[in-house]
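K.L.:
Quick one: sequence plus predicted model below, questions after.
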Amino acid sequence: MPHYERYDSTQIKKSKEKKERAKAKAGKGNIEQADTQFVIKKANETTGIVIETRYNEATILYNGNLITARLKKGINAVCNQTVFPGDIVVIGEEKQGEYYINNLIARKNVLSRTKKDSTRNSPNAGNSHNIAANIDMAVIVVSAKTPPLHPKFIDRYLMILQDNDIDCAICLNKSDLKTEEDEKVLDIYRKIKIPVIETVAMDRTGIEELKDILRGKQAIFVGHSGVGKSSLTNALMDTDEIKTSHVSEKSGKGRHTTTSSKYYIWDENSSIIDTPGIRSLDISNFKPNEIQEYFPEFEDWGGRCKYSNCLHYKEPVEGCKVKQAVKAGIISRERYESYDRILQDVINEKSRDDDEDR
């Protein structure tokens, strides 16, 4: 399936080779350090799909059955930091009836995120965390209310998905509570060719449309806690067994019910990975001059700015065609403000890192 049209920009093509090398290195994680023979190229009859991982073992769909397996002996790594839901692994069986993960089939991609820690000195601050592998499509789940729609969060996730070469769609759950302002926000994404599906998981509104875009794919739900990812998974699976969360009346934020990524098969060759909700996304690993590449509506204007290295940030309006397009209403002001905020966060983060280095 091709990438959505406007997101395949010339600038992204130029940097694709460099990013593919970086992702290939990141995707293998600790396993390459532990055993260079662990990753192999092709699947065979002894392969299974990782459903869920824990500290020292994983649940695998193997020959139509769910089994528990550990990493093979000699791999000096933690299981849930080595393989992830969606991974295809080669299974070996010992005489005692225990199963082992002997090899990992080379990944098509791996989705990772960096959780921003409010305490910069925390040992976990800024650590990249892989959450799933071999993704065909990601669905950014948002809600019309409780918690409210946050377009800036969508924009950050779009950057992360695009950087991982993963197609995406937006699902507005609880769409029966949608406002006119929400509709305006969704139209911004429709205009840049991103599929938008509106659902009400509780009464199955929009579920068939959601199934249509996910059928035949290994997909993933991502988004804040409380937006209804697990409820949508229940609707796809025609069950109520997957535990769902509620939104705190005091904070308006969802509680974390799904604590680890889990893999579900809902139709033939069709699966969904339900992920834990998060409240913030860190995009500080992006370079300031790369960020505009992820805003396709800038592409027709950015190259015409007076300044060859224009960031469309603090440059005067008179010399910045992007700012002029925003002023004229050609580029969405909300999207530009989101870009401006992301760029500001990245620049400030880089500045703090430089200060600490000095």
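P.N.:
Sure, I can see it.

K.L.:
by contact count, what packs against the helix or strand where A169 lies?
P.N.:
In this structure, A169 is located in strand 167-173 according to DSSP states H and E. Applying 3 or more Cβ pairs under 8 Å, 6 or more residues apart in numbering; DSSP states H and E, one finds that strand 167-173 contacts strand 137-143, helix 151-163, helix 180-191, strand 196-198, helix 229-237. C-beta here means a position set from N, CA and C on the backbone, and glycine is covered the same way.

K.L.:
If we use 10 Å, what do you get?
P.N.:
strand 137-143, helix 151-163, helix 180-191, strand 196-198, helix 207-214, strand 218-223, helix 229-237 (3 or more Cβ pairs under 10 Å, 6 or more residues apart in numbering; DSSP states H and E).

K.L.:
and the direction of that strand versus that of helix 229-237, what angle?
P.N.:
Here the directions of strand 167-173 and helix 229-237 differ by 100 degrees (axes from the mean of the first three to the mean of the last three Cα atoms, to 10 degrees).

K.L.:
Show me how far strand 167-173 is from its chain's centre.
P.N.:
Computed by Cα atoms, centre = their mean, to the nearest Å, the chain-centroid distance of strand 167-173 equals 11 Å.

K.L.:
list the buried ones in stretch 93-104?
P.N.:
Y99, Y100, I101, N102, N103, L104 (16 or more other Cβ atoms under 10 Å).

K.L.:
Can you give me the end-to-end span of it?
P.N.:
Terminal residues of stretch 93-104 are spaced 15 Å apart (Cα to Cα, to the nearest Å).

K.L.:
Contact partners for the closest residue to D176 other than its chain neighbours?
P.N.:
Distance criterion Cβ to Cβ, 6 or more residues apart in numbering; nearest residue to D176, sequence neighbours excluded, is V200 at 5.1 Å. Contact criterion Cβ atoms under 10 Å, 6 or more residues apart in numbering gives 144, 172-178, 206-207, 228, 231, 235 as the residues in contact with V200.

K.L.:
hmm, back to that, average pLDDT across the strand holding A169?
P.N.:
The average pLDDT for strand 167-173 rounds to 95.

K.L.:
hang on, the earlier thing: ok, which of the helices and strands packed on strand 167-173 comes nearest K72?
P.N.:
Taking Cβ to Cβ as the measure, the helices and strands packed on strand 167-173 were each checked against K72, and strand 218-223 came out nearest at 24.6 Å.

K.L.:
Now do that closest one against strand 167-173: the angle between them, please.
P.N.:
50 degrees.

K.L.:
Strand 218-223 pairs with which strands?
P.N.:
Based on DSSP bridges, the strands next to strand 218-223 in the sheet, each with its direction, are strand 137-143 (parallel), strand 270-274 (parallel).

K.L.:
Mind putting these into TSV with mean pLDDT, mean neighbour count and distance to L111?
P.N.:
Converted to TSV, the strands paired with strand 218-223 look like this (pLDDT from 0 to 100; neighbours: other Cβ atoms under 10 Å; distance: least, Cβ to Cβ, whole Å):
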stretch	mean pLDDT	mean neighbour count	distance to L111
strand 137-143	94	24	7
strand 270-274	92	23	9
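
K.L.:
C310 is nearest to which of these?
P.N.:
Go through the strands paired with strand 218-223 one by one with Cβ to Cβ and the one that ends up closest to C310 is strand 137-143, at 28.8 Å.

K.L.:
got the end-to-end distance for stretch 288-308?
P.N.:
Using Cα to Cα, the end-to-end distance of stretch 288-308 comes out at 15 Å.

K.L.:
same question for it, mean pLDDT?
P.N.:
Averaging pLDDT residue by residue across stretch 288-308 gives 91.

K.L.:
Could you pull out the buried residues of that stretch?
P.N.:
Burial within stretch 288-308, assessed by neighbour count using 16+ other Cβ under 10 Å, is assigned to 290-299, 301-302, 305.

K.L.:
sorry, back to before: tell me the angle the strand holding A169 makes with helix 180-191.
P.N.:
For strand 167-173 and helix 180-191, the angle between their directions (the same axes, to 10 degrees) works out to 160 degrees.

K.L.:
partner strands of strand 167-173, parallel or antiparallel?
P.N.:
Sheet partners by DSSP bridges: for strand 167-173, these are strand 137-143 (parallel), strand 196-198 (parallel).

K.L.:
how far is the longest one from where the chain is centred?
P.N.:
Going by Cα atoms, centre = their mean, the spacing between the C-alpha centre of strand 137-143 and its chain's C-alpha centre is 9 Å.

K.L.:
and if you look at the last one?
P.N.:
Averaging C-alpha coordinates over strand 196-198 and over its chain gives two centres that are 17 Å apart (Cα atoms, centre = their mean).

K.L.:
okay, the contacts of V200 in CSV with distance to K314 next?
P.N.:
Shown next, in CSV, are those (distance: Cβ to Cβ, whole Å):
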residue, distance to K314
A144, 35
L172, 34
N173, 38
K174, 38
S175, 38
D176, 42
L177, 38
K178, 36
G206, 42
I207, 46
G228, 39
S231, 43
A235, 46
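
K.L.:
Including distance to F221 and neighbour count, could the residues you listed go into CSV?
P.N.:
As requested, these are exported to CSV (distance: Cβ to Cβ, whole Å; neighbours: other Cβ atoms under 10 Å):
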residue, distance to F221, neighbour count
A144, 17, 23
L172, 13, 25
N173, 10, 28
K174, 14, 23
S175, 16, 20
D176, 20, 13
L177, 19, 15
K178, 19, 18
G206, 14, 19
I207, 13, 17
G228, 9, 28
S231, 10, 21
A235, 11, 26
